[in-house]
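*Asks:* only geometry, no sequence info:
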């Protein structure tokens, strides 16, 4: 059930994130509200069929290789009040992931495995999500490594500057 919900959310979110700020505010204003940008991370508030959800997102400061055509790339931490979940970690890598691959995300050298669904990946162990988010707050850099269906390996590097403030914003505005 959680993966099905995640998949639906990933598709909705991918569409919302593809919109420009102007069209986001005019087209999806009832569904998604920008709460603020904190250096490299943005806080959002919205709802879906399950109720209130808030999340933070960022795009990588470096995406390698540079010669690969990809849809927009994002890393997210999602709190879904309607489902009672917090710190759900997700990445949208901008291409269909190899089904049997194991993407990896690392923070300052500590690695975590992820599971694949389409062009999205989540932490393999939901029980690690709280510790992962704590590592994000304490860390300086996060790296996501993944393999496309075509076998292309990619590496996306994110700054963690601003992640703590963005998380605090959704925790304040969404409870």
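*Replies:* Okay, I see it. On a predicted model such as this, the values are computed, not experimentally measured, just so you know.
*Asks:* Need the contact partners of stretch 111-121.
*Replies:* Applying C-beta atoms under 8 Å, 6 or more residues apart in numbering, the external contacts of stretch 111-121 come out as 3, 6-7, 10, 14, 71, 90-99, 101-106, 122-125, 128, 132, 144, 146. C-beta here means a position set from N, CA and C on the backbone, and glycine is covered the same way.
*Asks:* Which among the residues you listed count as buried?
*Replies:* 6, 10, 14, 90-95, 97-98, 101, 103-105, 122-123, 132, 144, 146 (16 or more other C-beta atoms under 10 Å).
*Asks:* From these, which land in strands?
*Replies:* 90-92, 104-105, 122-123, 144, 146 (DSSP state E).
*Asks:* which residues in this structure form strands?
*Replies:* Using DSSP E, strands in the chain cover 32-38, 41-48, 51-58, 62-64, 74-80, 85-92, 104-107, 110-117, 120-123, 141-147, 153-159.
*Asks:* Mean neighbour count, the ones you listed: which tops it?
*Replies:* strand 120-123 (a mean of 24; mean count of other C-beta atoms under 10 Å).
*Asks:* mean confidence score for it?
*Replies:* Averaging pLDDT along strand 120-123 gives 96.
*Asks:* strands paired with that strand, and their directions?
*Replies:* Applying DSSP bridges, strand 120-123 is found paired with strand 85-92 (antiparallel), strand 110-117 (antiparallel).
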